[in-house]
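1. Could you work out the structure for the sequence below:
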Amino acid sequence: MPKIAFIGAGSTIFAKNLLTDILSFPELSASRISLHDIDAGRLQTSEAVARKVAEALGARPTIEATLDRARALEGADYVITMFQIGGYKPSTVIDFEIPKKYGLRQTIADTLGVGGIMRALRTIPVLLDICRQMEVVCPHATLLQYVNPMAMNCWAIHRVSRVKAVGLCHSVQGTAEQLAADIGVPIEEINYLCAGINHMAFYLKFERNGEDLYPRIRRVLEEGRQPAWNLVRYEVFKRFGYFVTESSEHFSEYVPWFIKRDRPDLVARFNIPLDEYMRRCEAQIAGWEALRARLETGAALEVNRSHEYAALIIHSLETGQPRVIYGNLPNNGLIDNLPQGCCVEVPVLVDKNGLQPTKIGNLPIQLAALMRTNINVQELAVEAALTGERTHVYHAAYLDPHTAAELDLEQIQALVDDLLAAHEATGLLPRLH
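-> Okay, the predicted model is just below:
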């Protein structure tokens with residue numbers, strides 16, 4: 001049975017979902033599960049949840065919980081990373097509150113923008129340290145990487161590490177389900193092809209039995225039936241001709257058109273939830289507390305399979321059952337009109353032969369151009385993280401579409417200085433030079 005290490009297992013609810021998926025497969029039901037976190041209290045709760053999940057599914061895994069990361073990794077066949085360096089407080093609060101003083105508002109701040117850049121700077125060193133440990137204690141393991149900012153983190157890993165790694169997100173399959181609901185077609189009947197970069201991939205095909213379903217999506221727009229929480233993406237579809245994977249609140253801060261301090265009408269018109277991630281963090285903390293309270297009462301735990309890819313990948317690699325998932329991997333000839341070596345999100349065949357990404361060729365030119373505005377920021381943030389060069393942090397922020405639309409060069413540099421000083425003071429961000 002494979003050994004599966006959860007790094008950041010204190011993300012209890014997400015760990016519960018992945019454990020349910022994994023232990024639902026008879027072939028994986030006796031896996032060795034090693035849970036690691038730096039927070040002993042959260043780790044204890046996650047261990048209790050893991051045992052409840054196993055009990056509910058009738059599975060018989062070997063479960064251990066450890067504060068020692070090396071012990072969790074030793075001999076692992078699969079490593080799942082699922083943590084947030086700095087958590088809600090202090091790091092996420094810093095990423096939102098300091099830019100707000102400059103008039104720069106954000107929604108999620110975990111992928112691009114100054115928030116995404118700062119998150120990359122404090123996360124990449126930790127991920128690379130994990131990879132160095134893996135190269136010693138589990139050199140043949142596959143890293144299933146869930147931590148944001150996905151593209152920046154995976155780009156850094158693939159530049160400097162020999163570890164087999166794939167970045168995983170649920171935006172491709174999640175958005176497909178949302179579109180299926182919008183057009184009234186069961187998702188099980190839909191075939192799609194999607195490609196691009198994480199959080200900015202587009203459906204190149206969306207079909208049922210050879211029928212192009214894009215006309216149905218256009219009718220949703222023409223008839224004004226787009227969901228109130230999804231107005232940004234439908235507007236981008238209207239202008240660019242293809243539907244993007246990541247949510248409207250995410251996408252609004254990857255481009256310069258929707259969040260403007262002197263245009264509150266735009267924020268209202270497109271129903272953009274500013275500071276959304278702050279609210280989500282508070283809700284997640286409350287959810288964790290409620291889950292812990294339920295466990296203390298001995299209440300039964302409800303288990304349902306999710307649409308995450310991790311368990312499917314493990315099952316296919318172990319059994320040879322072929323599946324196609326969407327993964328984030330280096331652009332080694334996969335998408336011709338995006339920079340080679342950047343991190344792209346494409347279909348990946350998984351079986352006993354491993355992870356086999358699909359060559360896409362050229363994307364529609366307008367989509368590739370839009371993605372390159374984000375890739376510029378990703379590349380410079382990765383360079384800053386790998387070299388420690390402070391000037392590249394400035395360069396990344398100067399070129400960020402949303403930041404540049406709101407602030408001038410002097411303001412951006414001052415904002416970066418304030419953010420770096422605040423994060424360095426926490427001890428969670430390596431000092432740059």
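2. From now on I want contacts and neighbour counts done on CA atoms only, so please keep to that.
-> Fine.
3. Identify the residues contacting residue 156.
-> By CA atoms under 8 Å, 6 or more residues apart in numbering, the contact list for residue 156 reads 124, 128, 382, 386.
4. Look at it and tell me its secondary structure.
-> helix (DSSP: H, G, I helix; E, B strand; the rest coil).
5. try residue 201
-> Criterion first, three-state DSSP; result for residue 201: strand.
6. Looking at the nearest residue to residue 256 once chain neighbours are set aside now. What's its pLDDT?
-> Once flanking residues are discounted, residue 256 sits nearest to residue 402: 4.4 Å by CA to CA, 6 or more residues apart in numbering. Residue 402 carries a pLDDT value of 98.
7. Just give me the neighbour total for residue 353.
-> Here the number of neighbours of residue 353 (other CA atoms under 10 Å) works out to 11.
8. now the helices: where do they sit in the stretch 51-200 of the chain?
-> Counting by DSSP state H, counting those that start in this stretch, the stretch 51-200 of the chain has helices at residues 69-73, 93-101, 113-137, 150-160, 171-183.
9. Tell me which of those is the most buried.
-> The highest average neighbour count among those, using mean count of other CA atoms under 10 Å, belongs to helix 150-160 at a mean of 23.
10. Mean confidence (pLDDT) on that one, please.
-> 98.
11. That helix vs helix 113-137, what angle?
-> Helix 150-160 and helix 113-137 are oriented at 40 degrees to each other (axes from the mean of the first three to the mean of the last three CA atoms, to 10 degrees).
12. thinking again about what came up before, right, and the helices of the stretch 51-200 of the chain - which one's nearest residue 285?
-> Nearest of the helices of the stretch 51-200 of the chain to residue 285, taken as CA to CA: helix 93-101 at 14.2 Å.
13. Counting by contacts, list what the closest one packs against.
-> helix 113-137, helix 409-426 (3 or more CA pairs under 8 Å, 6 or more residues apart in numbering; DSSP states H and E).
14. contacts for it?
-> 105-106, 109, 114-115, 118, 275, 278, 415, 418-419, 422-423.
15. how far is that helix from where the chain is centred?
-> Mean C-alpha position of helix 93-101 versus that of the full chain (CA atoms, centre = their mean, to the nearest Å) differs by 21 Å.
16. If I take it and helix 409-426, what angle do their directions form?
-> 160 degrees.
17. Just the C-alphas of helix 93-101, formatted as CSV.
-> C-alpha atoms of helix 93-101 as CSV (Å, rounded to 0.1, in the frame of the first residue of the first chain):
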residue,chain,number,x,y,z
VAL,A,93,-4.1,40.7,6.8
ILE,A,94,-0.9,42.4,5.8
ASP,A,95,-1.5,41.6,2.1
PHE,A,96,-4.8,43.3,2.2
GLU,A,97,-4.5,46.2,4.7
ILE,A,98,-1.3,47.8,3.5
PRO,A,99,-2.3,48.0,-0.2
LYS,A,100,-5.7,49.4,0.9
LYS,A,101,-3.8,52.4,2.4
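18. pLDDT (mean, whole number) over it?
-> The model assigns helix 93-101 a mean pLDDT of 98.
19. got it, and stretch 110-122?
-> The model assigns stretch 110-122 a mean pLDDT of 98.
20. pull the CA atoms of that stretch into PDB?
-> Taking C-alpha atoms only, stretch 110-122 is exported to PDB below (Å, rounded to 0.1, in the frame of the first residue of the first chain):
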ATOM      1  CA  ASP A 110      -3.400  34.800  -3.600                       C
ATOM      2  CA  THR A 111      -2.500  34.400  -7.300                       C
ATOM      3  CA  LEU A 112      -1.300  37.600  -8.800                       C
ATOM      4  CA  GLY A 113      -1.000  41.300  -7.800                       C
ATOM      5  CA  VAL A 114       1.000  42.500  -4.800                       C
ATOM      6  CA  GLY A 115      -0.800  39.900  -2.600                       C
ATOM      7  CA  GLY A 116       0.100  37.100  -4.900                       C
ATOM      8  CA  ILE A 117       3.700  38.300  -5.200                       C
ATOM      9  CA  MET A 118       4.100  38.500  -1.400                       C
ATOM     10  CA  ARG A 119       2.600  35.100  -0.900                       C
ATOM     11  CA  ALA A 120       5.000  33.600  -3.400                       C
ATOM     12  CA  LEU A 121       8.000  35.200  -1.700                       C
ATOM     13  CA  ARG A 122       7.100  33.600   1.600                       C
END
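21. Kindly state the neighbouring-residue count (a burial measure) for the closest residue to residue 301 other than its chain neighbours.
-> For residue 301, ignoring the flanking residues on the chain, the nearest one in space by CA to CA, 6+ apart is residue 52 at 6.5 Å. Residue 52: 20 surrounding residues under other CA under 10 Å.
22. same thing with residue 359?
-> 16.
23. May I have the residues that are in contact with it?
-> Residue 359 touches 333-335, counting by CA under 8 Å, 6+ apart.
24. can you tell me which residues contact residue 13?
-> residue 288.
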